Structure formats: C-alpha cells, structure tokens
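S.K.: Any chance you could fold what I've pasted below:
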Amino acid sequence: MHERSHPEPMTPPGLDDRKQALARTFDAAADHYLLGPAFSWKRIGAALVEAAQVQQGERVLDVASGAGTTALPAADRVGPTGSVLAMDLSEKLLALAAGAARERGLTQLHVRVGDFERTGFADASYDVVLCSLGIFFAADIESALTELWRLVAPGGRLAVSTWEGEGLGDVYDCFGDAVRDVWPQMPAAAAPPWVPISSAAKLT
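M.R.: Now for the predicted structure:
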C-alpha cells in the first residue's frame with residue numbers, strides 16, 4: 001500500500017518557448033478535445049494501462065496525460081490504495097481529467113501541470129510510468145526516456161505508445177488548422193512529431 005500524496009518536484013521546471021506553444025495549442029483545443037476522437041484516445045489509453053499491467057495499490061505517473069484517457073483507467077486499476085498522478089503542460093486538459101475523476105469518485109487521481117522532460121521528482125518515485133501518444137513531443141526523445149526510467153522503482157515498468165506510420169497525417173493537419181482558427185500565431189509543424197518513432201523498430 002502506498003501513501004496517496006505525490007512527491008513535490010525538487011526544482012519546479014520552467015517552460016521554454018516551444019513548450020509554452022505546446023501548452024497553448026492544447027489549451028486552445030480543450031473545449032472540444034474529447035468530442036470527436038474520444039473513442040480513440042480512450043481505447044489507446046486503456047490498452048497502454050493493460051500493457052503495463054498496472055496493479056492494485058501501485059503508484060503511477062502518467063505524463064503527457066492530456067484529458068486523462070490513460071490516467072483514468074490507471075486509477076481504476078490501482079484502486080483506493082494506490083494513486084495516479086496525471087502530468088501535462090496543458091492546464092485546461094488536466095482540468096478535464098480532474099473533472100472526470102471527480103464524477104467517477106476516483107479520489108486516487110491527482111493532476112499537476114509539469115514538464116516530463118524535467119520532472120524534478122526523486123529517483124524510483126513510481127511503480128509505473130506511462131506516456132501515451134506524448135513521448136514524441138520531447139525535444140530529445142532519448143533524454144526524455146532516460147528521465148522517465150529514472151523515476152521507475154526497482155521492478156517497476158515504463159510503458160510508452162506512439163502512432164504507427166503516416167495514418168494520422170491528415171488528422172494532424174486538420175487539428176493544426178482548427179487550432180490556428182483560434183490562435184493564428186501557432187507555429188506550423190514541418191511534419192508530424194511522431195515520425196521519428198512511427199514503428200515498433202524505431203521506438204525500440
């Protein structure tokens with residue numbers, strides 16, 4: 001059994017311009033984030049929790065958590081004796097996660113705005129670290145994975161998912177167009193950020 005409280009970062013990380021842009025992008029999309037693709041996000045999140053074999057009573061960190069579509073099924077799995085911290089750059093998406101947790105009585109789920117490339121948490125703080133469809137937002141993926149592994153306790157697990165191939169390219173373009181409708185200054189991405197790890201071999 002674990003205490004429900006989560007460690008405070010040793011040094012609260014600041015956000016550079018690129019990460020501030022990411023936060024603003026997803027904040028801008030928050031009002032409609034779960035309306036269309038909710039079934040996809042939820043299925044993918046639940047599959048990652050299953051792959052990580054999250055167990056009752058475990059302490060879980062879900063980074064790039066968004067609206068909690070991975071953190072919520074993780075909270076179901078750990079039960080009231082465990083705890084889940086959902087971390088993301090977007091305060092508005094985390095508010096959706098917190099609201100869903102309240103509706104479902106998942107008091108073991110907590111949210112915090114933060115940067116998973118520089119968490120500031122102590123070594124071996126979590127039994128399980130999850131990152132669903134988010135690792136490709138890191139400026140240096142290898143360095144980010146090293147940071148996440150640092151947080152995993154002995155015998156714990158790190159589980160990461162990403163998009164495969166180019167199948168989401170058109171959706172990515174439409175998403176960017178929609179965000180630019182409300183934030184015309186949004187930086188345009190040259191290519192979907194998951195391309196460098198868009199296959200199992202590349203991710204490995």
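
S.K.: pretty sure Glu117 contacts Ala138?
M.R.: Yes: contact status for Glu117 versus Ala138: in contact at 5.4 Å, counting by CB atoms under 8 Å. Every residue, glycine included, has its C-beta placed from N, CA and C.

S.K.: Quick check: neighbours shared by the two?
M.R.: Applying CB atoms under 8 Å, 6 or more residues apart in numbering, one finds that Glu117 and Ala138 are jointly contacted by Ala144.

S.K.: From the contact counts, what lies against the helix or strand bottoming out on mean pLDDT in the chain?
M.R.: Scoring the helices and strands of the chain by mean pLDDT, DSSP states H and E places helix 169-182 at the bottom, with a mean of 76. Contact partners of helix 169-182 among helices and strands, from 3 or more CB pairs under 8 Å, 6 or more residues apart in numbering; DSSP states H and E: helix 17-29.

S.K.: Buried residues, the helix it packs on. List them.
M.R.: Of the residues in helix 17-29, those scored as buried under the neighbour-count criterion (16 or more other CB atoms under 10 Å) are 19, 21-29.

S.K.: can those go into a markdown table with extra columns for pLDDT and distance to Gly134?
M.R.: Shown next, in a markdown table, are those (pLDDT from 0 to 100; distance: CB to CB, whole Å):
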| residue | pLDDT | distance to Gly134 |
| --- | --- | --- |
| Lys19 | 82 | 12 |
| Ala21 | 79 | 15 |
| Leu22 | 81 | 10 |
| Ala23 | 83 | 13 |
| Arg24 | 83 | 16 |
| Thr25 | 77 | 13 |
| Phe26 | 80 | 10 |
| Asp27 | 82 | 15 |
| Ala28 | 79 | 17 |
| Ala29 | 76 | 14 |
